[in-house]
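S.K.: sequence and predicted structure below; questions after.
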Amino acid sequence: MPAEYLSVRSCSRLLDDVSEASIYAAVANGELPAARFGKLPEGDATDRRNIRIRRADLDQWFESKLAAA
């Protein structure tokens with residue numbers, strides 16, 4: 001996995017005010033681009049363990065949330 005990609009847990013730790021659930025919701029809603037690395041368990045499209053987010057996308061998403069607030 002490229003170093004520029006972060007796990008959702010790492011993203012949440014970087015952004016103290018943002019929960020993992022909020023990040024997963026943003027990914028599900030298409031607000032935050034994400035990639036999957038590794039193989040998903042058979043028939044499980046909802047598995048979140050392999051979701052990774054680019055740091056640049058995370059920063060841009062968070063800045064847009066701050067601007068909207």
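M.R.: Received the coordinates, thanks.

S.K.: going by C-alpha atoms from here, please, whenever you check contacts or count neighbours.
M.R.: OK.

S.K.: give me the element Ala56 is part of.
M.R.: helix 55-68 (DSSP states H and E).

S.K.: name the residues that touch the lowest-mean-pLDDT helix or strand in the chain?
M.R.: Lowest on mean pLDDT, DSSP states H and E among the helices and strands of the chain sits strand 35-36, with a mean of 80. The contact list for strand 35-36, computed with Cα atoms under 8 Å, 6 or more residues apart in numbering, reads Asn50, Ile51, Arg52, Ile53.

S.K.: list the pairing partners of it within its sheet, with orientation.
M.R.: strand 51-54 (antiparallel) (DSSP bridges).

S.K.: now do the same contact list for Trp61.
M.R.: Glu31, Leu32.

S.K.: so for it, what's the pLDDT?
M.R.: Note on Trp61: pLDDT of 94.

S.K.: swap in Ala34?
M.R.: 87.

S.K.: okay, now the nearest residue to Tyr5 once chain neighbours are set aside: neighbour count?
M.R.: Leaving aside its sequence neighbours, Tyr5 sits nearest to Arg54 (Cα to Cα, 6 or more residues apart in numbering; 4.4 Å). Residues near Arg54, counting by other Cα atoms under 10 Å, number 18.

S.K.: shouldn't Arg54 be in contact with Val27?
M.R.: No. Arg54 lies out of contact with Val27 (Cα atoms under 8 Å); the separation is 11.9 Å.

S.K.: shared neighbours of those two, anything?
M.R.: By Cα under 8 Å, 6+ apart, Arg54 and Val27 have these common neighbours: Pro33, Ala34.

S.K.: host element of the closest residue to Val18 other than its chain neighbours?
M.R.: Nearest non-adjacent residue to Val18, counting by Cα to Cα, 6+ apart: Ser12, 5.8 Å away. Assigned by DSSP H and E, Ser12 falls within helix 8-14.
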